[in-house]
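>>> Predicted model, plus sequence, below.
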Amino acid sequence: MTDGMTHVERVMAAITNEKADRLPVYPIACGVNRKLLNGGKGVSYRDWCHDPKLFAQAFIEGQKYFDFDMAIGLMDLSVMAGDLGAHVRMDEQNTPFVDKHIVNSLEDYEKFEVPDIKKGRSGVLIEGTRLFSKALAGQVITAGFLEGPLLALSQTAGAERMFMDMFTDPSAIHKALKVITDYDAEMVKAFGTTGCNGLCWDYLWANYSCLGDAEYGEFESPYAQKLNKLTGENGMALAIHNCADLPHLDTQIKKFKPAIYSMAYYPLIPGSPSASEVIEKGYADNCLVGGQIDPQLFIRGTVEKISKVTSDLCHEVKTALCKRGLNSRYCIASGCEVPPDINTKLENIKAVVDVTKKEGRLN
Amino acid sequence: MVDGFYEAMRAKGFSYNTTAALKKFRCPECGFEFSMMYARAIACQGCSEANNNCPKLRCSKCDSEFFMTDTPQVSNDYQQRNLSEHIGRIVTKYNNDMGYAHKR
C-alpha cells in the first residue's frame, strides 16, 4: 500500500491538525542506527558518538532502511555532563554514563563554566546534526536533541546529591542552573545554524514521581521557558521528550506549548497516562503527541508481538482522535529511545513502521 | 516493584537504586509524600544511623519511622539491604564533603 503524502507533508498535517493519509511514525531509533553503518557490520557506540560524520550517516542510513517520518538527533544524556567536566564511562557498545561527578561541596556549584561548544561531544552533536539535517532536508522533519538544565546538572553533580542540596541549599543549585542555562543557550544558537527544523528538549525531572509542581516550578520551569523561547527565536520548532511515569503534562504541554511532545506509558503504574487518555483530556488539541510503545519490546519482543502492540495502539489512537474531533495529532513512536543495544532487533523497528503504514491509515 | 520506568531511567544512566531513592512514596502513617533522599536530607539529618546503612526511613511531617520495605519501590529484605547501603554511601560522602559530624 503506497502512501499518499510525503513524510514532511504528513508530519506538517499532523502538527497543524489537517487531514493526513495516515498517522506519522517515528520509533526513536538513534544510536541503534549505527548497526547499519560499515556495510551492515555496524560501528561501535564509542566511535559513533565521537565522530560527527558517523553520527550523521547513521541517521541517513536509518532513514533509507526504515523510512521514518522524522529524524531526531539524540546521542545520549551524558554529553553536557562530560563537557562540563564529569567523567563519562565510555564502553565499546553501551550507552555512556557518568561514573564520576564533579560536585563535592556547595562551592563546587559556583565553579561551573560554559565549555567551548565546538569541542567535546557538544561539538560532535552540533556538527553531526548539521550533516544529517542537510542530507535529509526536504525528505523528513529533522530535529536536534538537547538536555535541559536540571537534567544536565543531575548528571554532572549526581542525582541524589543534587536532590539533597535542592532541599537544603537551593541557592547553590540555582547558581549552577544559571550557568548550565547559558550553556544550553549557546547550544540552541548553534543548533539554529544547522538547518534542523526543530529542537527536542529532554526535561527529565518533569515527573510527579520525583518533583511536585512547586519544586518543578522553582528549579526548571523558569529556565526551560527561557530556552523554549530562544528555540523559537532561532527558527526551530519546539519539541519535548519526557519518558516519566507521571509527567507534568499541564506544564509541559499547556504552558510550554511545544509543537511535538513525546511521552511514555507505564501500564503497571497507577495514573500513568495512556495514549487515549492523553487525547481525551485535550493534551493533543494543540500539540502532536508521540508515543508510547515500550522500548524494551524492541529487544525482548518478537515481530508478531510488536506488530500486535503497534496495531492495537493505532486503533486506540484513531478511536480517541475521532472521539475528540481531531484529524491526525498523534505519532506512533516508542515511549523512549529504542535501546541502542547490540541485541536490539532491527526487524522490530521495521515492523512498527510497516504496521503503522497499514493500520494507521486515516479515512 | 520493577517497571518500565526503571528501565527507562537506567537507559539514561540512572541506576535502579538512584531512581528508587528519588521516587516519592506516601508515609504509611500520615500520607505525606516524600522521597528517601528527602527523608535523609531533612528528617534523618545528623542521625548516626543514616550513614550506617539504616534500613528505616523517617517522615519529616509526623516523625514516624518505618522500614524501606513499607514503600512500593522495595519489595524484599535483599533489596532493602542493597538500597540502604547505596543511600548510606551517599550520606557518608555528603557528610564528609560538607564537614558534618556523623552523629547529632
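Sure, I can see it.
>>> In chain B, which residue is most central in space?
Centroid check for chain B by Cα atoms, centre = their mean gives B:Met36 as the closest residue, at 3.0 Å.
>>> Contacts only, for that residue.
B:Met36 sits next to B:Ala20, B:Ala21, B:Leu22, B:Leu57, B:Met68, B:Thr71, B:Leu83, B:Ile87 when contact means Cβ atoms under 8 Å, 6 or more residues apart in numbering or on different chains. Where you see a C-beta, it was placed from the backbone N, CA and C, and this is true even at glycine.
>>> List of residues touching the strand or helix carrying A:Gly232?
In this structure, A:Gly232 is located in helix A:221-233 according to DSSP states H and E. The contact list for helix A:221-233 (Cβ under 8 Å, 6+ apart) reads A:148-150, A:177-178, A:181, A:184-185, A:188-189, A:199, A:201, A:203, A:237-238, A:251, A:255-256, A:258.
>>> List buried residues within these.
A:148-150, A:177, A:181, A:184-185, A:188, A:199, A:201, A:203, A:237-238, A:251, A:256, A:258 (16 or more other Cβ atoms under 10 Å in any protein chain shown).
>>> Also within reach of chain B: list those from those.
When Cβ under 8 Å from any Cβ of the partner chain is taken as the criterion, no member of these contacts chain B.
>>> Take the residues you listed and keep only those in helices.
If you go by DSSP state H, the buried ones among the contacts of helix A:221-233 have A:Pro149, A:Leu150, A:Leu177, A:Thr181, A:Asp184, A:Ala185, A:Val188 in helices.
>>> Let me know the closest of the residues you listed to chain B.
A:Leu150 (12.2 Å; Cβ to the nearest Cβ).
>>> dump the residue contacts of the closest one.
A:Leu177, A:Tyr203, A:Leu204, A:Trp205, A:Phe219, A:Glu220, A:Tyr223.
>>> which parts of chain B sit against chain A?
Within chain B, the positions adjacent to chain A are B:1, B:3-5, B:7-8, B:11-14, B:18, B:21-24, B:33, B:35, B:37-38, B:40-42, B:87, B:90, B:94, B:97-98 by Cβ under 8 Å from any Cβ.
>>> how many neighbours does the residue of chain B found nearest chain A have?
Sorted by distance to chain A under Cβ to the nearest Cβ, the residues of chain B start with B:Gly13, at 3.4 Å. B:Gly13 has 21 neighbouring residues, counting by other Cβ atoms under 10 Å in any protein chain shown.
>>> who's in contact with it?
By Cβ under 8 Å, 6+ apart, the neighbours of B:Gly13 are A:Asp76, A:Leu77, A:Ser78, A:Thr95, A:Pro96, A:Phe97, A:Val98, A:Gln155.
>>> repeat for A:Phe112
A:Leu84, A:Thr156, A:Lys175, A:Ala176, A:Val179, A:Ile180.
>>> neighbour-wise, which of those residues leads?
Busiest of the contacts of A:Phe112 [other Cβ under 10 Å] is A:Thr156, holding 26 neighbours.
>>> Can you name the residue of the stretch 51-200 of chain A nearest chain B?
For the stretch 51-200 of chain A, Cβ to the nearest Cβ, closest residue to chain B: A:Phe97, 3.4 Å.
>>> Pairing partners for that residue in the sheet, please.
Note on A:Phe97: beta-bridge partners by DSSP bridges are A:Arg89.
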